[in-house]
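K.L.:
Just the structure for this:
(one chain, ligands or ions: 1)
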Amino acid sequence: MRTAIYPGTFDPVTNGHLDILIRAKELFDGVTIAIAADSMKTPLFTLEERMQLLMEATKDMPNVSVCMFEGLTVEFARQCGAVAILRGLRALSDFEYEFQLALMNKKIASDIETIFLMTQSEFSFVSSSAIKWAASLHAKVSDFVPFHVEKALMKKYSCPRTSEDD
Ligand code: COA
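P.N.:
So this is what the prediction gives:
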């Protein structure tokens, strides 16, 4: 079994994350989505909420599971017996941060590789922050997130409308 972990904050999961996941699950026997408790961000959704949103989004993907973890990503990858850390790259601007993170992880754990998948162009401008910002101003975000995530965002921002009402 060759498995990978896909770590991130996922606040919330977007269609961009899911695009990476759908392609990665064909490359590995299994993929574990790893929601980091120790990210440098202040999330809108609690860890449990992010986990629920991811579980719903991946319920039809049998070789994909969802976990939370604390501490180092590479340590969690080892605990899972994963051979790789999976990350999506959207643009040149992601490269510097991702390169630094990958090198840091390689230095700490030389046995774990970081694998990058290029995001499809239609998601290249998508980010969880941009989606939250748009949703907070009651913009339609149904092109960027699954319906249940849109609903969760609308609830957080007390907006009564979702794309289903159009
Ligand atoms: N399509 C669209 N958007 C994408 C995307 C894709 N394919 N891939 C990533 N993004 C966006 C996300 O929406 C997110 O947007 P945001 O910044 O507005 O929230 C951003 O790109 C990246 O977020 P995410 O993929 O969730 O990862 P992250 O950068 O928040 O996570 C960790 C970083 C969790 C991997 C890192 O903090 C970590 O490893 N933490 C554990 C501690 C550790 O080991 N640190 C490193 C060693 S010192």
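K.L.:
From here on, just use CA atoms for contacts and neighbour counts.
P.N.:
OK.
K.L.:
which regions of this protein lie under the pLDDT threshold?
P.N.:
160-166 (pLDDT under 70).
K.L.:
Give me every residue in it lying close to the ligand.
P.N.:
Residues of the chain lying close to the ligand by C-alpha under 6 Å from any ligand atom are 7-10, 16-17, 20, 36, 38-39, 71-73, 88, 101, 104-105, 119, 123, 126-129.
K.L.:
Using ChimeraX, define a selection of the buried residues within those residues.
P.N.:
Buried residues among those (16 or more other C-alpha atoms under 10 Å), as a ChimeraX selection:
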select :7,8,9,10,16,17,20,36,73,88,105,119,123,126,127,128
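K.L.:
can you pull out the strands in the chain?
P.N.:
3-8, 30-36, 64-69, 84-89, 113-118 (DSSP state E).
K.L.:
gap between the first one and the chain center?
P.N.:
The chain centre lies 9 Å from the centre of strand 3-8; the measure is C-alpha atoms, centre = their mean, to the nearest Å.
K.L.:
Now do it and strand 113-118, the angle between them.
P.N.:
60 degrees (axes from the mean of the first three to the mean of the last three C-alpha atoms, to 10 degrees).
K.L.:
Tell me which residues are up against strand 3-8.
P.N.:
With contacts defined as C-alpha atoms under 8 Å, 6 or more residues apart in numbering, strand 3-8 is touched by 21, 28-36, 39, 73, 77, 81-87.
K.L.:
Over to the longest one?
P.N.:
Applying C-alpha under 8 Å, 6+ apart, the contact partners of strand 30-36 are 1-10, 21, 24-25, 47, 50-51, 63-70, 73.
K.L.:
next one: stretch 71-79
P.N.:
By C-alpha under 8 Å, 6+ apart, stretch 71-79 touches 4-5, 7, 36-38, 69, 83-85, 105, 108-109, 112.
K.L.:
before we move on, back to that, what about the residues of the chain next to the ligand, which are in helices?
P.N.:
Here DSSP state H is the test, and these give 16-17, 20, 73, 101, 104-105, 128-129 as lying in helices.
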